[in-house]
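Have a look at this prediction, sequence included:
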Amino acid sequence: MTLRLAALLLLGLQLHAAAPPFPQRVRQIINAFAHPATPAPLSYSNIAAKLKLHESPAECSSRLQELLAEGPSGDMFWMFPVTAIAYLDQGQLSEPARQAMRQSLKTYMPYRGDTENHWLLYYTCLYLMAQQWPDLTADQWFTGKSSQENLREAAGWIESWVKLTTTRGQGEYDSPHYMGVYLLPMSYLAEWAHDPAMKRRATMMLDYLIADYAAESLDGVYVGAHSRVYDNGAVEKWNNVSSDFGWLWFGQGYPLPSPSSFLLFYTLANAYEPPAILQQIATDRSQPYTHYERKRTRNRWRFYDELHGPVYKTTYMRREYAVSSDQGGTLQPIQEHSWDVTWHVPDPRGVQNTLFSLHPYSSLRELQTYFTFPPDQGVAEVVSSKKSYDSPDKFVGGSPYEQIFQDQDSVIVLYDIPPGTRFPHINGFFSKDLAEVREDPSGWIFARGGDALIACRPLQPYAWRSIEGGGRRLFSPHLRNGMVVQVAARSEFKDMDAFRQAILALRLEFKLDPVPTARFRSLRGKTLQCTYGQPPSVNGAPVDYGKWPLFGGPFLEAPVDSQQLLLKHGAARRKLDFRTLTVQ
Amino acid sequence: MPSAKWIPLLAMLPCAIAAQYTLYTCMVTSKGYVVGAKLPPSGIFRKAPNGGWRHAGYNHPFLSALDFDPRNPSVLYVAAGNGLIQVTGQGEHWKILTGSDVTELMDVSVDRNAPADIYFSHTRGIRVTHDGGATWHDASAGLHRKYTMAVRVDRQRKGVLLAGNEEGIFRSEDGGQSWKLAGAAGYQALHLEQSPHDPCRWLASTQGGGLFASTDCGVTFESNGSLAVDRNLSDIAFDPASPNRIAVAGWGLGVMLSEDAGKTWQGRNTGLPTTSVWSVSFDPSTPGRLYAGVHEEALYVSQNYGRTWTKDGLEGSRVFRLRFVPEVQP
C-alpha cells in the first residue's frame, strides 16, 4: 500500500470519526428546525420539529391555526408537513388547531401534480390522513370521497408504484435532489401506516432506495447519471439534498448548511437507520467495481408507443473517482444529466469535482413528450422556474442527438445534431478545480481532478468560453461531434506525463461522416466501438441491452421484473422480496 | 330569430335574457405567479347576474374543460388535473369521480342522447362511464397514440364520437370501441366543435395545421384554407344566432371572425391588449356579444362581434374554456 493510500484511509477514518452517531445526527437535524437560530414566526417545519420534541404545544397550536387561516398553498408540498404534524400531535395540539387541520382537508384541494414524486407525496399523505380520520363521510373531504374510499385509492397507487419500481425501475431515478421526495413518503408509511403490509412494504422500500444511492455514492457525493439535477448541483456535486442523506445515513461527507426539509421530515417520521450491509456498500471502495442499473423514463405521453422507455445506466466506481452514464437521449425532461466523471475530494463543499459534456437541447417536442403544456407556452413556462432550460450555455438536460457508451472508466460520447437544431453546438464542462490541464498537440486534453487523471479527446475543433463563477466551457460548434474520455487513478502512473504517454499509445480511430463513429482501445485493454444510432460493442461483441439487469454488480443484484433485490457485501446477504414482503 | 333592427334593443336588456344561461370559465390566474407561491384565485368562475365574476368552489390550477348534464344543467362535469370532477351547487360542491389511474384531463363531453354516458380525454386516451361516473372504461383502445386533447359526442347520435390526438382527428360510431381517421393526419388536434345549426358541420383546430372542417357529420375533415397554418388555434365558437358566423382564437392571431362560414376571415382584435387568446365564445342570449380570454391579461367582452373590446374581469388569467350553461333543461 502506498503512503498516499494509507494517508487517504486515515483521512477517511477521521472524517467518519467526525460524524456523531446516528441518533445524534437525527437529533441535530430536528434541533435545527425546533430551535431555529434566527427568530421568525414558526413554519410548518418548525412546528413539526417542536412537536417531535414535545416542546411548546400551545405555541405550536396557535401558530398552526394562524398558518391554516392564511390559507394552504403548495399542494402536495403543503400536505406532507401537515400530515406529519397530524401524526406528531399525539395529544399535544389544542382541539381548535386539530380541527383547523382537519377542516383544511375539506376546504383546500391540493393539485395532484404531474410527476411521480408529486403523486407519491399526494397519495401517501392522503392515505395517512384518511387513516387518521377513518370515519369521515365524502362531504368532509376535498376529494368528495369518504375516508375509506380515499384510503383504498391511495393504497392502490402506492402499491402500484412499488411494483413498477421493483420490476422496471424508478422513473425519476437517482436524483440527488428529488431522492428526498421518495424517501420522505416511505419514512412516513414505515412509521405511521397501521396496515402491517403497507408498513412492511415501506420499510423495505427504504432499504431499496437507500441501496440505490449507496452503490453510486462516493464519500457522501451522489455520482451521475441523474434523471433530474439542478444547475448548481450538476457542477458542484456536493450541493445536493443527497449530501444531507449521505451524512445522515452513513456519516459521510458534509450535510448542507441548512438541512433540507425532506431530511427533516424523514427524521421526524421513521428516521430509518440503514442496516450494516448498506453502510458497507456505501463506504467500501477498496476495490474498483462496475455497477449497472436499469431505470425507466418518465411517462411519455406523446410521440412514443410505449409509456416508458428503458434507461441503461453504467457506473464505474473506485475510491479516487467515479464514471457514470446512461445511454443518452431525452430520457427525462429538462434536468437530465447523462454522464460525468466525479473525482473524490476530501471536502467537496464549493468544489466543482466533475467533468462532462452535453448538447444543450430544448424544444417544445421534449416538453410535450412529458407534459401537457400547450404549444405556445411550454418553453416559457419551464423557463419561469428552470431558468437555464432554454439557454445555449446550459449544463443540464438530455438531448435526442447524444449517444453515450461506457465501459469501466472509458466513455465514448457521440453527437449527431441535425442542421437547423436550436443551439447547434456541444458544451463541455471543465471545472475551475481541475489541475494540470494540458491541451496536447495530439488533440487530447489532459487534466487531473483530485487523484483522478483524465484524458479527454474532443472529436472536433473547439473554443473555450469562460464560465461565471469559474471554470471553462468547451464550445464546439460542429453538428457531428463527440468526445472520448479515459480516466485512471493517479496511483496507477508515475506522473501525468506517464499517463499521457499511456493514453497516446492507445489506438483511437474515428470519423464523423456520414455518422459519427469511434473505435478506441481502452486503458483497460478492451476495444470499444460506437457508431451513432447503433448498438456499441466491446471486443467486437455488441452490447446486449436486453440483458441489462435492474441492478447488477458486486453489491446489488436484481433481475428485471423480479420484485426482488439482493444486497451483497463480503459474505453478508440481505434479500428483499416484495412479492412476499419478506426480508431474508 | 329577431330581425336585425331589434338586436340593439335586445342587447340593452341583458338581465332578462341572461337569466337563460350562466357563463362559466375554467381558468388559472397565472400572471406573475411563481411556482410554490400561493395560487391566486383560480378554477371555476361564474358570471353573476349583476355582471361580476364569482369564484366557485375550490382554488385549483388545472381545469381544462366543462360540460353539463342535459337532464339537470346544474350538474357540471369538469376535466381537471386531479380527475373528472362532478360539480354541483352552483359550482360549490366538488366530487372527483375518477381514481388514481387517470391524470391531467383535457376535455369532457356528455352524450346528449345518453346523459349517463360521459366521455373525457386525458394523457392516456379516452374514458367513458355509462353510469354517471360510478365505473369507467377505456374508450381509446383503437387509437394508436393515446394522448387526446379533444373529445366530443355528436349531439344527435348516441355513441358517435370525434376525438383529436397527436395523429389527427378520429371518429367512432360505437362509443369509442373502434376509431377511424377522419382527417388532419399528422397534426395534433387541439379542439373540436359541432355547429349548433347543422349537426353535420364540424370544425377542428390543430397545432400548426390550421383549421379543418367537416360537412359530412365528421366522417371526413378537410383543411379549411390557410388560416393559422403554422400557428396554433386554441378555440372555436359558432354563433348560435347565425349559422355562418364563426370565431376562432389562437396564439398570435387573437380573435378571427368569419361571416361566411369560414370562407373568409377578419381579425377582430381592436382593443385587445395582445393577440395571444386562449378562448372565445358567443353569448347565446345576447346577439353580438363575444367573450375572449386573453393570455394573462383578462377576459374581454365585445358587444359588436369583436369590432371593439372592453375588459370584463378575471385579470391576469388564462381562461382555457368558456361555457354558457343553460339554467334549465335545454
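Done, it's in. Residues are numbered from 1 along each chain as shown, chains lettered A, B, ... in the order given.

what's stretch A:274-281 in contact with?
Applying C-beta atoms under 8 Å, 6 or more residues apart in numbering or on different chains, the set of residues contacting stretch A:274-281 from outside is A:206-207, A:210-211, A:214-215, A:249-250, A:282, A:555-556, A:567-570, A:572-574. (C-beta placed from N, C-alpha, C; glycine too.)

Which ChimeraX command selects the buried ones in the residues you listed?
The ChimeraX selection below is limited to those of the contacts of stretch A:274-281 classed as buried (16 or more other C-beta atoms under 10 Å in any protein chain shown):
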select /A:206,207,210,211,214,215,249,250,282,555,556,567,568,569,574
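
The contacts of stretch A:274-281 in strands, which ones?
Among those, DSSP state E puts A:556, A:567-569, A:572-574 in strands.

Closest to B:S178 out of the residues you listed?
A:L556 (46.1 Å; C-beta to C-beta).

who's that closest one bridged to?
On the basis of DSSP bridges, A:L556 is bridged to A:L567.

Quick check, it in contact with A:H569.
No: using C-beta atoms under 8 Å, A:L556 is not in contact with A:H569, being 10.0 Å away.

which residue packs closest to A:Q252, ignoring adjacent ones?
Leaving aside its sequence neighbours, A:Q252 sits nearest to A:G220 (C-beta to C-beta, 6 or more residues apart in numbering or on different chains; 3.5 Å).

re the thing from before, okay, among the ones in strands among the contacts of stretch A:274-281, which ones form the most distant pair?
For those, the farthest-apart pair by C-beta to C-beta is A:L556 and A:A572; their separation is 12.8 Å.

who in chain A is up against chain B?
A:71, A:73-74, A:77, A:107-109, A:111-114, A:119, A:123, A:138-139, A:142-145, A:153-154, A:156-157, A:160, A:299, A:301-303, A:305, A:307, A:372, A:374-377, A:384-385 (C-beta under 8 Å from any C-beta of the partner chain).

In PyMOL, how would I select the buried members of those residues?
To isolate the buried members of the residues of chain A next to chain B in PyMOL, using 16+ other C-beta under 10 Å:
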select buried, chain A and resi 74+77+108+109+111+112+113+114+119+123+142+143+144+145+153+154+157+299+301+302+372+374+375+376+377
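
The residue nearest to A:H308 when sequence neighbours are not counted pairs with what?
Spatial nearest neighbour of A:H308, excluding adjacent residues (C-beta to C-beta, 6+ apart): A:R296 at 4.0 Å. In this entry, A:R296 is beta-bridged to A:P310, by DSSP bridges.

Distance check, A:R296 against A:L164.
Distance from A:R296 to A:L164, counting by C-beta to C-beta, to the nearest Å: 8 Å.

Need the overlap of contacts for those two.
Common contacts of A:R296 and A:L164, defined by C-beta under 8 Å, 6+ apart, comprise A:G171.

check which helix or strand covers residue 181.
You didn't say which chain, so I picked chain A. helix A:179-192 (DSSP states H and E).

wait, chain B
Per DSSP H and E, B:L181 falls inside strand B:180-183.

In the stretch 401-550 of chain A, which residue sits closest to chain B?
A:G420 (15.5 Å; C-beta to the nearest C-beta).

Make sure that residue is indeed in a strand.
No: read with DSSP: H, G, I helix; E, B strand; the rest coil, A:G420 is coil and lies in no strand.

Can you report how many residues lie near it?
If you count neighbours by other C-beta atoms under 10 Å in any protein chain shown, A:G420 ends up with 7.

What residue in the stretch 451-584 of chain A comes nearest to chain B?
For the stretch 451-584 of chain A, C-beta to the nearest C-beta, closest residue to chain B: A:F578, 19.1 Å.

Tell me which of A:R296 and A:L164 has more neighbours.
A:R296 (23 against 15).

low-scoring stretches of the stretch 451-584 of chain A, by residue?
Applying pLDDT under 70 to the stretch 451-584 of chain A flags no residue at all.

circling back to that earlier point, so for the helix holding A:V181, mean pLDDT?
The average pLDDT within helix A:179-192 is 98.

re earlier: how about the contacts made by the residue nearest to A:Q252?
So A:G220 contacts A:238, A:243, A:246-247, A:250, A:252-254, A:348 (C-beta under 8 Å, 6+ apart).

got those as JSON lines, with secondary structure columns?
Listed next are the contacts of A:G220 as JSON lines, based on three-state DSSP:
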{"residue": "A:W238", "secondary structure": "coil"}
{"residue": "A:S243", "secondary structure": "helix"}
{"residue": "A:G246", "secondary structure": "helix"}
{"residue": "A:W247", "secondary structure": "helix"}
{"residue": "A:F250", "secondary structure": "helix"}
{"residue": "A:Q252", "secondary structure": "coil"}
{"residue": "A:G253", "secondary structure": "coil"}
{"residue": "A:Y254", "secondary structure": "coil"}
{"residue": "A:P348", "secondary structure": "coil"}
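
With pLDDT and distance to A:L523 added, can I get those in a markdown table?
Shown next, in a markdown table, are the contacts of A:G220 (pLDDT from 0 to 100; distance: C-beta to C-beta, whole Å):
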| residue | pLDDT | distance to A:L523 |
| --- | --- | --- |
| A:W238 | 97 | 28 |
| A:S243 | 97 | 30 |
| A:G246 | 97 | 29 |
| A:W247 | 97 | 33 |
| A:F250 | 97 | 30 |
| A:Q252 | 96 | 28 |
| A:G253 | 95 | 28 |
| A:Y254 | 95 | 32 |
| A:P348 | 97 | 26 |
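
Compile the residues you listed into TSV and extend it with columns for distance to A:M198.
Below are these laid out as TSV (distance: C-beta to C-beta, whole Å):
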residue	distance to A:M198
A:W238	35
A:S243	30
A:G246	27
A:W247	29
A:F250	27
A:Q252	31
A:G253	32
A:Y254	34
A:P348	37
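
Looking at these, spot the one nearest chain B.
A:S243 (22.1 Å).

Now for residue 275, how many residues are close by?
I went with chain A, as the question did not name one. Taking other C-beta under 10 Å as the criterion, the count of residues near A:P275 is 15.

actually chain B
B:T275 has 17 neighbours, counted by other C-beta under 10 Å.

Quick check: it vs chain A, distance?
Note on B:T275: its distance to chain A, by C-beta to the nearest C-beta, to the nearest Å, is 11 Å.

my read: that residue touches B:N269, true?
Yes: contact criterion C-beta under 8 Å: B:T275 and B:N269 qualify, at 5.6 Å.

what sits in contact with each of the two?
Shared contacts of B:T275 and B:N269, defined by C-beta under 8 Å, 6+ apart, comprise B:G254.

Can you name the residue of chain A nearest chain B?
With C-beta to the nearest C-beta, the shortest gap between chain A and chain B falls at A:G144, namely 2.8 Å.

Provide a list of residues in contact with residue 59.
Assuming you mean chain A. A:42, A:50.

ah, no, chain B please
Shown in contact with B:N59 (C-beta under 8 Å, 6+ apart): A:108-109, B:39, B:41-43.

just A:R490 next, same as before
By C-beta under 8 Å, 6+ apart, the contact set of A:R490 is A:4, A:320, A:448, A:451-453.

what residue ranges in chain A are flagged as low confidence?
Chain A contains residues with pLDDT under 70 at A:1-17.

Can you pull the domain assignment for it?
Segmentation of chain A into domains, based on the TED database, reads A:18-111, A:286-550.

Could you save those domains as JSON lines and add columns showing distance to B:T206?
Output for the domains of chain A, formatted as JSON lines (distance: least, C-beta to C-beta, whole Å):
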{"stretch": "domain A:18-111", "distance to B:T206": "28"}
{"stretch": "domain A:286-550", "distance to B:T206": "10"}
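
And those: which comes nearest A:K199?
Between the domains of chain A, domain A:18-111 lies closest to A:K199; by C-beta to C-beta that is 13.2 Å.
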